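K.L.:
Need a 3D model of the sequence below.
(4 chains, ligands or ions: 2)
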Amino acid sequence: MSASLTSLLYLIAAVLFILALRGLSHPETSRRGNLMGMSGMAVAVLATLVHAGMHASGYLLIVLGIAIGGSVGAVVARRIAMTALPQLVAAFHSLVGLAAVFVAAAALNAPQAFGIGTPGHLYVESLIEMSIGLAIGAITFSGSIIAFAKLQGIMKGNPITFMGQHKLNATLGAALAVLVILFVATGAQAIFWIIALLAIALGFLLIIPIGGADMPVVVSMLNSYSGWAACGIGFTIQNLALIITGALVGASGAILSYVMCKGMNRSIINVLLGGFGTDSGGAAAAAATGDRHVKHGNAEDAGFIMKNASKVIVVPGYGMAVAQAQHALREMADTLKQDGVEVKYAIHPVAGRMPGHMNVLLAEANVPYDEVFELEEINNEFSTADVVYVIGANDVTNPAAKTDPKSPIYGMPILEVDKAKTVLFVKRSMASGYAGVENELFFRPNTMMLFGDAKKMTEEIVQSLDH
Amino acid sequence: MSASLTSLLYLIAAVLFILALRGLSHPETSRRGNLMGMSGMAVAVLATLVHAGMHASGYLLIVLGIAIGGSVGAVVARRIAMTALPQLVAAFHSLVGLAAVFVAAAALNAPQAFGIGTPGHLYVESLIEMSIGLAIGAITFSGSIIAFAKLQGIMKGNPITFMGQHKLNATLGAALAVLVILFVATGAQAIFWIIALLAIALGFLLIIPIGGADMPVVVSMLNSYSGWAACGIGFTIQNLALIITGALVGASGAILSYVMCKGMNRSIINVLLGGFGTDSGGAAAAAATGDRHVKHGNAEDAGFIMKNASKVIVVPGYGMAVAQAQHALREMADTLKQDGVEVKYAIHPVAGRMPGHMNVLLAEANVPYDEVFELEEINNEFSTADVVYVIGANDVTNPAAKTDPKSPIYGMPILEVDKAKTVLFVKRSMASGYAGVENELFFRPNTMMLFGDAKKMTEEIVQSLDH
Amino acid sequence: MNPNQLADQAHALATQADALAAKLHALGTAAAPAAAAVNPFVFLLAIFLMACFVGYYVVWNVTPALHSPLMAVTNGISSVIIVGAMLATGLATSHWAMAFGFIAVTLASVNIFGGFLVTQRMLAMFKKKEK
Amino acid sequence: MNPNQLADQAHALATQADALAAKLHALGTAAAPAAAAVNPFVFLLAIFLMACFVGYYVVWNVTPALHSPLMAVTNGISSVIIVGAMLATGLATSHWAMAFGFIAVTLASVNIFGGFLVTQRMLAMFKKKEK
Ligand SMILES: NC(=O)c1ccc[n+]([C@@H]2O[C@H](COP(=O)([O-])OP(=O)(O)OC[C@H]3O[C@@H](n4cnc5c(N)ncnc54)[C@H](OP(=O)(O)O)[C@@H]3O)[C@@H](O)[C@H]2O)c1
Ligand SMILES: NC(=O)c1ccc[n+]([C@@H]2O[C@H](COP(=O)([O-])OP(=O)(O)OC[C@H]3O[C@@H](n4cnc5c(N)ncnc54)[C@H](OP(=O)(O)O)[C@@H]3O)[C@@H](O)[C@H]2O)c1
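P.N.:
Ligands and ions are numbered 1, 2, ... in the order given. Presented below is the predicted three-dimensional model:
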């Protein structure tokens, strides 16, 4: 097949990828979108398979690689629990990063395959592009590994900081820049691998000072990096599909990082400098209750109140994910609806630990997505609700974000649950959430605390409703 | 300058154009957007001026052309009345179309200048692209002239139809296709000009059967065409700025046509087949009032009612533009506001005869844009308004769009003015609007008709308010 | 000149020509590594398609209140066709081509100045409430 | 063979070589009219810039409820880097390059299958209210 025709097919693949992301603008079109993505990938792979000059042993290796990689991927995708999604995504990014490194290495060793020169005599342009792809890919690889380890709990979530950390990183960065220049000048294999190792080290060092709870932002940022790495390789091998896709992925990661930072009212710099937040909300300093009064309640009380309400809004948070309480929650909502109570769900943009975290979990429990509303859509409705059932959420309801300019979450938009007649808070203790800020709402007269595991408590409420 | 550097500058120009359109997403950034557009054009022109190989007589002609064209354009832009905007845009499109034809002709005569072959021996690829640019450009040219003539009133607005019209058009279209094939095969000058003439004739014939009132949709569609013509020329001379800009303009025209058709609940096919609507609303068949009761009022009554209201919503329409009543209207609103009355403006997407028509006129009268609301933003507020002042609008308030499936405007979204306590209708008669449909609202008990010219009536109301 | 010399010279000439051909070929590819084999039309098509997507999104994001200025500003920017007209006028030696180019330059200039200035006039009118 | 014949032959050879060179040059330009002079990098850059705009708009339009599937699907599509890996594996003769390519093919395949299938699993859960 002529090079032009192949390029045309890559372009078609890229357009299919754009349509795939476009499909995600609505749940109804999203499945078709994912199919478009798959078709795009199929087009790209097939176009490459029929490329002129492919040799038999190559075909063998390719089929083998796809078979091995594909089955691993398929098994993982089928087995993984929805709650482990953040670490899965991190792990996948590290693979893309590593793949970019190896493609760069292959291109350096067999430049003729990509028409970018002969071994040892690559075009300068190609060497520049290659080293960009290599460095970003390597950083993505090691950074994502740390993110994965912290999210999976293999590594402690605490920020790891030491003297002269920033200086060390700066030195490494400068060394990397010098090496890249040397590499472009010489095209030497040895320098290539030194760059790879240095970038891997830099990736480790950049991510270890960031707390476990900030990992979602980091994962998303690394997603963006993996896109730019793909672009670098795309420019090297002059491949339309890679360039366009890289830009899409780069934009996607950058935008999601921005959305998260905005939702937390922090700057990306603040996140990357690290040291904020530890492993999970629960571990943060328990608030000193002092002598202020807190109204306790049990499942019976909660059931009674909700049964007599005409409108209940559910606000899920990270605790629901921890307790895997979404199925029990759906059951509770069903029971209430049978009793004629209107039930809606309100999702804060950064509820949980990943963008769209709560939506996926609720969807898993078969909650129809037209009962689930975003902050702007539902914030005015709290004043018309009789009961708000806050399950494992904390920061996203904290009025300090509006009232206390000294609070670290000041300026973050919140769900105004206190406008409702009664607020039920399901959590295990008086501990603060991810941001480590005490929640004023716990002490309000219209708040009732339901201490306990979110799943257990909700199941008990269902039982009490059934009586 | 190297060809690559020039191309890079064209790319920068194209990006500036994208940023220009992006700026229009908000009035606050819109002026900066327009400046970006100007800078983009400056970059493109300067990049071309320093192109290697330009000869002195060429420079002379270019400077002369820009001086002549520029001064004409500047004078026209300064002098034109805001109400003549639709025809101005149409006239400008015809110029772009004609320019495309002449650039194609120049490229055919001096292919070396664009590196697309030698005279008489152009690349086939280039000939294909050139003929597309030529044909679309020529159709845009003549079509826009008709649109201009109908809007300016030089030509009667009535749809001009005759026997076998569609057949003639189809024949011309087929002939055009054959000629294009011949041209690509031979590259002959004569065929080039025959294509141009035929396409010009086709442009005339396609637009004459369309009524004057449908011209806005046509103008927008021709806008889209002018973009695709620019793309065709862009491919011919392999110019990044032209290709990207052409796509932007093409998309813009297509989307505006879509918005208008959607706002009128008609299909673009329906518009293009013609015969709908005559010159202006006023000319449409006057509704038979029969014996149904209509409440009349005068300026005094209207002034009294509004003075005692706490909230007035103004709904402007085509009649306001005809009467140039926007300044008087602003004065009325100012007076009311001084009396403590809240005043807002509600704009229907197809109010007037051009998208955004009302917004420009209100802005001209210094109405702050944060008092002006779109249909979706304000439609719920009519029930809280004491008075709706409908000035020269008709169709956009007609409830038949919701209630009467047989009405030609059925399905079109409307401003629900009848939810307000009192509706004041300023118009000259009981005549129907653009769509020629009787408006049920005139006969409602809470409606008061204020017959007269919109400007005069509004001025009288201002006087009565001042007493 | 003896036959052998001649043959040698001829051979040298041939090798030289061969080298020249190789160099020319290399010239074509050096500037453009892998892409040399790809018809630039494919790249232009990719740019066009991407630009269509950009146009779609960027225009949908224009607020309806500014749809009239949008029409005027697209008028202005579509006159970037002046670039083609200028090249024809300045590079062509054919008088016809120069004349056509000149006409196109003039027509496009009307649009450039007219389009942007009318837009400026319109946009200058859009004001916020004074407080 | 007489000297004249030889000279003639040599001349013919030289002209042939010359024609070859010219043809090669033409080959380079015929496929790519004006753009031949433009470094394809500029075109790729244009595609990249346009794709950045498209990415920006297309991702902003993704509904927040689907941000998790978005992360998974971008994982899948970013594995299009497999294209580079496949070319290296299939075209290279260097064993190192083939080995690197094979590793990259395997890694990318994990992502392709993993990314799209996880997305499918997630999206299958998003349901509308049954009526
Ligand atoms: N979504 C994102 O993309 C993202 C990204 C980065 C950071 N964040 C941050 O994460 C936070 C999210 O807010 P959020 O309100 O969802 O969570 P949160 O503020 O972290 O609060 C979660 C609460 O759940 C409770 N909890 C934990 N396990 C539980 C269990 N098994 N049963 C019942 N309750 C349990 C904890 O209290 P107890 O220990 O007392 O039970 C904790 O207070 C925000 O601060 C946000 O900035 C989000
Ligand atoms: N905006 C667009 O982009 C666009 C494009 C194409 C078509 N359209 C169509 O245009 C129509 C726009 O609706 P609209 O409500 O704005 O206008 P309309 O329905 O056409 O009604 C305008 C009314 O203004 C009155 N009028 C005319 N001159 C007047 C004057 N000097 N003083 C007072 N009143 C005067 C006329 O009644 P009298 O004769 O009794 O005075 C007429 O009923 C829609 O049907 C729409 O589909 C709009």
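
K.L.:
Low-confidence stretches in the chain?
P.N.:
No chain in the question, so chain A it is. A:1, A:274-291 (pLDDT under 70).

K.L.:
um, chain C though
P.N.:
In the predicted model, chain C carries pLDDT under 70 at residues C:1-36, C:130-131.

K.L.:
and if we set it to 50?
P.N.:
Counting by pLDDT under 50, chain C shows low-confidence ranges at C:21, C:24-34.

K.L.:
Which helix runs longest in it?
P.N.:
Scanning chain C for the longest helix, with DSSP state H as the assignment, gives helix C:95-125.

K.L.:
Is any residue of that one near chain B?
P.N.:
Yes. Under the criterion of CB under 8 Å from any CB of the partner chain, chain B is reached by helix C:95-125 at C:96-98, C:100-125. Quick note: C-beta positions are derived from backbone N, CA and C, even for glycine.

K.L.:
mind listing what's buried in that helix?
P.N.:
By neighbour count, and taking 16 or more other CB atoms under 10 Å in any protein chain shown as the criterion, the buried residues in helix C:95-125 are C:96-123, C:125.

K.L.:
Spit out the contact partners of A:Pro355.
P.N.:
Taking CB atoms under 8 Å, 6 or more residues apart in numbering or on different chains as the criterion, A:Pro355 is in contact with A:Pro216, A:Ser220, A:Leu256, A:Val259, A:Met260, A:Pro349, D:Pro64, D:His67, D:Ser68, D:Leu70, D:Met71.

K.L.:
could I get those as a markdown table with distance to B:Gly40?
P.N.:
A markdown table is the format used below for the contacts of A:Pro355 (distance: CB to CB, whole Å):
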| residue | distance to B:Gly40 |
| --- | --- |
| A:Pro216 | 39 |
| A:Ser220 | 33 |
| A:Leu256 | 31 |
| A:Val259 | 30 |
| A:Met260 | 34 |
| A:Pro349 | 35 |
| D:Pro64 | 34 |
| D:His67 | 34 |
| D:Ser68 | 39 |
| D:Leu70 | 32 |
| D:Met71 | 35 |
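
K.L.:
How many residues are close by A:Cys261?
P.N.:
The local packing count at A:Cys261 equals 19, with neighbours defined by other CB atoms under 10 Å in any protein chain shown.

K.L.:
Pretty sure it sits against A:Ser267.
P.N.:
Yes. Under the contact definition of CB atoms under 8 Å, A:Cys261 touches A:Ser267, with a separation of 6.3 Å.

K.L.:
what about the helices in the stretch 201-350 of chain A?
P.N.:
Secondary structure of the stretch 201-350 of chain A by DSSP state H, counting those that start in this stretch: the helices cover A:215-236, A:240-264, A:268-273, A:299-307, A:318-323, A:326-338.

K.L.:
mind checking which of those helices is nearest B:Val89?
P.N.:
Comparing these against B:Val89 with CB to CB, the closest turns out to be helix A:240-264 (33.7 Å).

K.L.:
Mind checking if the closest one is in reach of ligand 1?
P.N.:
Yes. With CB under 6 Å from any ligand atom as the criterion, ligand 1 is reached by helix A:240-264 at A:Met260, A:Met264.

K.L.:
Figure out how far that helix is from the centre of its chain.
P.N.:
Taking CA atoms, centre = their mean, to the nearest Å, one finds the center of helix A:240-264 at 11 Å from the center of the full chain.

K.L.:
Is that helix positioned near chain D?
P.N.:
Yes. Part of helix A:240-264 sits near chain D under the criterion CB under 8 Å from any CB, namely A:240-253, A:255-256, A:259.

K.L.:
For ligand 1, tell me whether the helix or strand hosting A:Tyr389 is touching it.
P.N.:
Secondary-structure element containing A:Tyr389, defined by DSSP states H and E: strand A:387-391. No. Contact between strand A:387-391 and ligand 1, assessed by CB under 6 Å from any ligand atom, is absent, since the two come no nearer than 7.2 Å.

K.L.:
Mind giving me the packing neighbours of that strand?
P.N.:
If contacts are counted by 3 or more CB pairs under 8 Å, 6 or more residues apart in numbering or on different chains; DSSP states H and E, strand A:387-391 sits against helix A:299-307, strand A:311-316, strand A:422-427.

K.L.:
nearest to chain B, of those?
P.N.:
strand A:311-316 (20.3 Å; CB to the nearest CB).

K.L.:
Can you name the element that comes right after the strand holding A:Tyr389?
P.N.:
The helix or strand immediately downstream of strand A:387-391 is helix A:400-403, counting by DSSP H and E.

K.L.:
buried ones in that next one?
P.N.:
Buried positions in helix A:400-403, judged by neighbour count with 16+ other CB under 10 Å: A:Ala400, A:Ala401.

K.L.:
From the chain's centroid, how far away is that helix?
P.N.:
Helix A:400-403 has its average C-alpha position 26 Å from the chain's average C-alpha position, going by CA atoms, centre = their mean.

K.L.:
same check, this time on stretch A:41-50
P.N.:
For stretch A:41-50, the distance between its averaged C-alpha position and the chain's averaged C-alpha position is 29 Å (CA atoms, centre = their mean).

K.L.:
can you dump the C-alpha coordinates of it into CSV?
P.N.:
Coordinates of each C-alpha in stretch A:41-50 appear next as CSV, following Å, rounded to 0.1, in the frame of the first residue of the first chain:
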residue,chain,number,x,y,z
MET,A,41,-7.7,1.4,16.9
ALA,A,42,-8.7,-1.4,14.6
VAL,A,43,-8.2,0.8,11.5
ALA,A,44,-4.8,2.0,12.8
VAL,A,45,-3.6,-1.5,13.5
LEU,A,46,-4.8,-3.0,10.2
ALA,A,47,-3.3,-0.1,8.2
THR,A,48,0.0,-0.9,9.8
LEU,A,49,-0.3,-4.6,9.3
VAL,A,50,-0.7,-4.2,5.5
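
K.L.:
any residue of that stretch up close to chain D?
P.N.:
Yes. For a cut-off given as CB under 8 Å from any CB, stretch A:41-50 has contacts with chain D, namely A:Met41, A:Ala44, A:Val45, A:Ala47, A:Thr48, A:Leu49.

K.L.:
No more questions from me, cheers.
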